[in-house]
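Asker: any chance you could fold what I've pasted below:
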Amino acid sequence: MKVIICEEDYSYIELVHSTLFKFAKVKGINAEFNLTTRKPSSIIRFLESDQAELYYISLDLVETMPAIELIKEIREKNEKALIHVMSTDIVKLKDPELTQYKIFGQIVKTTNGSMRDELRKSFAESFSYLKANSYFA
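Answerer: Below is the predicted model of the structure:
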């Protein structure tokens, strides 16, 4: 299972990557963390030649490209990708525009253990969904 993470904040990008990596290792899930980046343009370039099954995208992107545009690009290239969105702002997570992109999960970014719990839960649910739908056949 290929995993992509896009988050501009260094502390959150480390938290997301390390939590998911450790969880996959402990659970014996074969996960390839193909790209962990602060730049949406890196994901756009990745999509030109490859696809991932699982994306974690911050809605708090401000420096280069709005997150909704990145999500749209991902969805256009890969209808079946599971996309999780993350934000410190609950209002952003409830944006009606997101529904058209079939978001698989939403995670509130915090610096306490609850975000780690949500990340592990989202990863487990994603893996179960992909396994049940024969993505690993």
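
Asker: touching the helix or strand of the chain with the lowest mean pLDDT from outside, list them.
Answerer: Least confident element among the helices and strands of the chain, by mean pLDDT, DSSP states H and E: helix 90-93 (a mean of 93). Applying CB atoms under 8 Å, 6 or more residues apart in numbering, the contact partners of helix 90-93 are Leu59, Asp60, Val85, Ser87, Gln106, Val108. (Each C-beta comes from the backbone N, C-alpha and C, glycine too.)

Asker: for the spatially most central residue of the chain, what are its contacts?
Answerer: Nearest to the geometric centre of the chain sits Tyr56, at 1.1 Å (CA atoms, centre = their mean). Shown in contact with Tyr56 (CB under 8 Å, 6+ apart): Val3, Ile4, Ile5, Cys6, Glu7, Val16, Leu20, His84, Met86, Ile107, Leu119, Ser122.

Asker: do the same with Ala67
Answerer: Ala67 is in contact with Cys6, Pro40, Ile57, Ser58, Leu59, Asp60, Leu61, Val85, counting by CB under 8 Å, 6+ apart.

Asker: distance of it from Ser87?
Answerer: Computed as CB to CB, to the nearest Å, the Ala67 to Ser87 distance reads 8 Å.

Asker: in the least confident helix or strand of the chain, which residues are buried?
Answerer: For helix 90-93, burial by neighbour count (16 or more other CB atoms under 10 Å) applies to Lys92, Leu93.

Asker: same thing with stretch 76-89?
Answerer: Buried positions in stretch 76-89, judged by neighbour count with 16+ other CB under 10 Å: Asn78, Ala81, Leu82, Ile83, His84, Val85, Met86, Ser87, Thr88.

Asker: stretch 1-9 now?
Answerer: Neighbour-count burial for stretch 1-9 flags Met1, Lys2, Val3, Ile4, Ile5, Cys6, Glu7, Glu8 (criterion: 16+ other CB under 10 Å).

Asker: stretch 100-107 too?
Answerer: If you call a residue buried by 16+ other CB under 10 Å, then stretch 100-107 has these buried ones: Tyr101, Ile103, Phe104, Gly105, Gln106, Ile107.

Asker: show the pLDDT at the second one.
Answerer: What it means is Ile103. The confidence metric pLDDT takes the value 96 at Ile103.
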